[in-house]
Each structure stands twice: as C-alpha cells, then as structure tokens.
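1. kindly return the folded structure for what I paste below:
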Amino acid sequence: MSKKLPLSWLLTGGMLGLVILSCSLILFLSLGLAQKNTSKLVGDKAALVVSVVTERIYSNLLPAEEQLIYLEKRIKQGQIDLSHKDDVVQAFGLALAGTPQVATLLYLDKHRQVTLVSQALDEQLYIENNDWRQVPFIDELMSQVEPKWLQPVFVGDIGRTVISHSRPLFIDGNYQGLLIASVHTADFSENLKELGNRYDTTPFILYGEDRILATPDQASGGLQAENSVPESINWQTNLPTLDQSDDPVLSQMWSSADSYELETNENQEFKARWLELDGLVNDYLFFYLEVNDFGQTPWLIGCYFDEQGIASEFELIEKAFYWALGILALALFFAWWFSRKLSTPVLDFSATAQQVYQDDLSKIPELESSFIKEFDQAAHSFNHMVQGLKEKKQMRETFGKYVPNAMAAEILSKGTLAPQTRETTTLFTDIAGFSAMSEKLAPEQIIDFLNDYFSAIITPIERYNGVIHQFQGDAVLATFNLPIEDVDHAVNAVRVGLEIIDICRLKRFGDGIKIKTRIGINTGAAVCGTIGGKSRLGFTVHGDQVNLAARIEQLNKEFNTQILVSGSTYELTKDKFNYKFVGQIPIRGRSQDEKLYTLLQ
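-> I've put the predicted structure just below:
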C-alpha cells in the first residue's frame, strides 16, 4: 500500500503557498499604490463638488417646503384669514422676508382664484390677483391631494426657470385650495460656475437624463428654454435639452460610453462614465449622483473632467490592474486546485451520506481511496458501514415479505414483539368453491392462481393499515388496530372487504379464472404476540372474536351473501355504510344472539 500524506502536512504546505502568493500580490500592488491614491483623489474631488452642489440645492429648496408647512399651520390656527386678501398678502410678504431663497408664494383657492406675492431682485414685493379658471393645467393641478414638488418650468415673464413645491390645504377636512412656493434656479447656476472655477471641472444639474436644469453657462444668461409658457402640467417640456446645449461635451453625455460605479470617501451612490467622443481631441470622465427628493423625475447632479488632467494617473491604474489581474488568476488557479483536492472527498462523502439518508443503498458506489491519510481511512470505514447497511436492508426487505414493514422494523430492532390486547376488527375471507376448482387444476396452476389472488387483495389490506396474520389455503386472516394502532379500524376493515369484492368482480386470476369470495368481519377484544420456542418463533392473533369472524364468513353460504359483519362492527360503521339486517345466530357463552348485517353496494 502506498504511503498516505497526513492532512496536517498538506494543510501546512497549502497555507505556506497561500501566504507566499499573498505577499507577492501585496508587493506588486504596492508599487502602484501612490498612483492609485492620486486617481482616488480625482474621484473624491468630483464627489466633493457633487456633494457641495447637492447641499446647496437642499439649502435652497427645503426652506420653500418648510415655509408652506409653517403657513399651513398659521392658517389652520386662524392667524391668517384666507377670505381677506390683504391678510394673505401681508403673511406671504413676511414669509418671503424670512426665507430669501423663496422667490414667490402663491395661494390658489378652490374657485381657481390666485393670490401671488413675489420678491424681485430689487427686494420689492410684487402682488398679483388672477383668475386661473382658464389655465390649461389647472384641473390636474387642483386634483393634487398630497404635497409634492412640481416639475420645473421656464417663466418667460421673468426669464428664469422656477421650481415649485405645492401643498394642498384642508381645514376641518374640507379642501380649500393649494399653497405653492417657488424658487429660482439662477442661484444654482451661479454656484456651479463658482465651483467649476475652484476645482477645474464643469458641474451640471439635469432634470431626468435629457433636460438641463442648471449649468455654469446659464449664470451668464446663456441657454434659454424652448417655450416661455407651459402648455400642461408636464412643465419640464420647456426646459432646454442636451441636444440644445452649447457645451459639446455635456450634449454627448449619453453617447456610447463605458459606465461603472465609483468608489469615493463620500457615503453616497456616485456613478461614473468614461466618454470617448467623436470630434473632440480629449476624452472626458463624468461623475454624477441621482437625487429623487424633488418630484417623480430624478435629478442628476454631476461634473466632468478633461482627460489631460487625469490621464497619467489612469494609465498607472491600468498597468496596476493588469498586474493584479495576472496575479489574481494565478492565485485563483492555485486556490482552485488546492480546494478541489480537499473538497472532492468531502463532496463524495456528502453525496453518499445523502443516499444513505434516503435509504437508496442499491446505487451507492464505493468511495475511492484518497492520497490524504485521514480521508482514505474515513472512506474505508464508510464503505464497510454501507455494506453492513445493505445487508441489514436486504434482511428487513426479505422479512417484510412475511410480516408488515412496521412489525419487521420492530422485530429487527428489539428481537421480538411485546404481547398486546386491544379492540380489534378481524377480517376473514375465503374463496367460494375453491375445493372443487382446485381439483381441476395442476399444482403449479393452483400456486400461480393463489399468488395472483393474494397479491391483489394484499394491496387494499395494507393500504388501510391492516395486518395479515395467516394464509390458510385460500383463506386470509387480517386484523385492524392490532398490532398497528388505527382509530378507524372498523371502517377501514369494511372498506377493505368492499374493495376485495370489487377486485374479484372485475379481475380474473391465474389462467383467467373468475371467482367469488366470502368475507366475514367482526369487532372485539383480541390478543396478539410472539409464540414458539427459542429456535423458532411465530406472530399470531388469538381470541373468540377472531374465531367469530371466521364463523361469520362461513354463514355467507346460508344467507346467500358475499360479506357479513357482526353487530359490533355494524354499530361502529353504520353511519358510513348502507346495511341490511339478514339474521342472527347464537354464540357459545353468550346470552344474546349475534346480529348479522350485509352491505348494500
């Protein structure tokens, strides 16, 4: 026998190999660490720009939302009387003075009448009272039942894009109208221009993927909207599109590009796109963040860099990547080979053990020898165990052909069956005219006929928890509820009797022989147990109630019936089957006769 390697040696050698490989990987990757940090700083700078823009957006828009909540509270407390426009104008003017971010406050009542207070650049208040009943989008706007951010719209009268927050007003459950606060985006563009100059990048804010909300160019009055008046509630339709942008880079943001997730020190889900654009000398790297807090359409807040400022760093990253990829491939191959050597025997053990658990012993192959000493010893032990289980299963299956499986399992585990006394329903069946029929058949034909017949009636007996104790020539003795417990033993015995009669009516046995069978069923106390000597044992059932079932079966001849049940069985099953009283017989040792019933099929 060849020498086997101990598992400890193999694991030690494997771990040493992994440590050497890990050290090599760290060594090679450390050569490009400085360059990678530079690239990381580019991403962090982009994340910083986007974070600052995002923070300023929130600081400009959230006061509008908070101001509406404050005004709603004052109105519900009765501090602002909506029926007096002067009261509304005064309250709106004070609110605008306290929140310079908000440009306009508007109250649209349920009759479509508007009170509007706007704060101009010269800090003067402009007041308007309008009738909006003919405004195209008014019905859709008035149907709003929850606070929400409306879609941005370019207002031609003031030459600016406006973002509005709308809040339905209910007093004592009655709808009064809408409170609307608007913010100009001019400050957004100014902020973008400042940040772009500071960090040498071009920031932007998009509404969805194709509409421009703010860019540095708009700070100087650059790009205008398509139309100055919205035609419906879909207000973003008049915002400029990327195709209309004067920025040739931003206008091609969604052209063919490689897109990937960006890791930064910021705890936000930034994305990045590397663009190789036709007609432009340099390539560009886009960073952006999706914000979903201001309406159903997401805002994309981002910036882009020229490749000249970051190309060298990315080239170093690319080189480090290829080095790391090669080393990683080597490490994966070594890990695969090593894990395969260790896992294959374990997987074989697992699969074979699963077959043992499922009691599928016939198809279990022998486990192969292993070069690992401990695995090899375990495989030999396991193979011996499986062989023992196969022999035990064969014994149990062979034994189970003579006694029920449940009894066979108990006898194999305990060596015997304990005596039991219990109310039992006994079924006794006998073939009508078997003696005369057997005289006409050869011995081999008789055996084939009986085996075919017994095979057919065993099936319903075992299906309904019956136990066959004896095959007496052509007769069968079966009990229900002894030794296998069954609370419906009487009902199940009658069901079996009916099925046996149907089987004999529909089927021919042996060489096409048609038969009738007689059945007697009785319920009463009986005892079962193991009897015999030390060298030979048998399991049987005893009791007058068992003998009575055999006697009742014989009475089918006198009453010209196929199945008879005793009065005790009748009382337990009369709610389940249709019976006919056929007569009564005296019983030795009893003062009353035994009533007999047959079933009406």
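2. can you list the neighbours in contact with the host helix or strand of Glu444?
-> In the assignment (DSSP states H and E), Glu444 maps to helix 443-463. For helix 443-463, the external contacting residues (C-beta atoms under 8 Å, 6 or more residues apart in numbering) are 404, 427, 429, 431, 438, 441, 468, 471, 474, 476, 478, 495-496, 499-500, 503, 507, 509-511, 513, 515, 517. Just so you know, the C-beta spots here come from the backbone N, C-alpha and C atoms, and that holds for glycine as well.
3. which element follows it toward the C-terminus?
-> strand 466-472.
4. I'd like to check the angle between the next helix or strand after that following strand and helix 443-463, please.
-> Once the chain leaves strand 466-472, the next helix or strand it forms, by DSSP H and E, is strand 475-480. Between strand 475-480 and helix 443-463, the angle comes out at 10 degrees (axes from the mean of the first three to the mean of the last three C-alpha atoms, to 10 degrees).
5. what's in contact with the helix or strand following strand 475-480?
-> The first helix or strand that comes after strand 475-480 along the chain, using DSSP H and E, is helix 489-506. The set of residues external to helix 489-506 that reach it, using C-beta under 8 Å, 6+ apart, is 423-427, 429, 456-457, 460-461, 464-466, 478, 480-481, 486, 515-517, 519, 521, 523, 562-563, 565, 569, 572-573, 576-577, 599, 601.
6. can you flag the buried ones in the contacts of helix 443-463?
-> 404, 427, 429, 431, 438, 468, 474, 476, 478, 495-496, 499-500, 503, 509-510, 513, 515, 517 (16 or more other C-beta atoms under 10 Å).
7. residues contacting the residue lying closest to Phe204 once chain neighbours are set aside?
-> Of all residues not flanking Phe204 in the chain, Thr215 sits nearest, at 5.0 Å (C-beta to C-beta, 6 or more residues apart in numbering). Contacts for Thr215 (C-beta under 8 Å, 6+ apart) come out as Ser189, Leu192, Thr202, Pro203, Phe204, Ile205, Gly222, Leu223, Ser245, Asp247, Leu250.
8. dump these to a markdown table, plus pLDDT, distance to Phe287 and neighbour count.
-> Compiled in a markdown table, those are given as follows (pLDDT from 0 to 100; distance: C-beta to C-beta, whole Å; neighbours: other C-beta atoms under 10 Å):
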| residue | pLDDT | distance to Phe287 | neighbour count |
| --- | --- | --- | --- |
| Ser189 | 84 | 19 | 26 |
| Leu192 | 88 | 14 | 26 |
| Thr202 | 88 | 11 | 23 |
| Pro203 | 92 | 10 | 27 |
| Phe204 | 92 | 11 | 29 |
| Ile205 | 91 | 13 | 26 |
| Gly222 | 44 | 22 | 15 |
| Leu223 | 46 | 22 | 17 |
| Ser245 | 84 | 18 | 19 |
| Asp247 | 85 | 16 | 18 |
| Leu250 | 86 | 13 | 19 |
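9. list the ones among those residues that fall in strands.
-> Residues of the contacts of Thr215 located in strands (DSSP state E): Thr202, Pro203, Phe204, Ile205.
10. what separation is there between Gln79 and Glu146?
-> Gln79 is 24 Å from Glu146, where distance means C-beta to C-beta, to the nearest Å.
11. neighbour count winner among the two?
-> For Gln79 versus Glu146, neighbours defined as other C-beta atoms under 10 Å are more numerous around Gln79 (11 against 7).
12. I appreciate the help and will end here.
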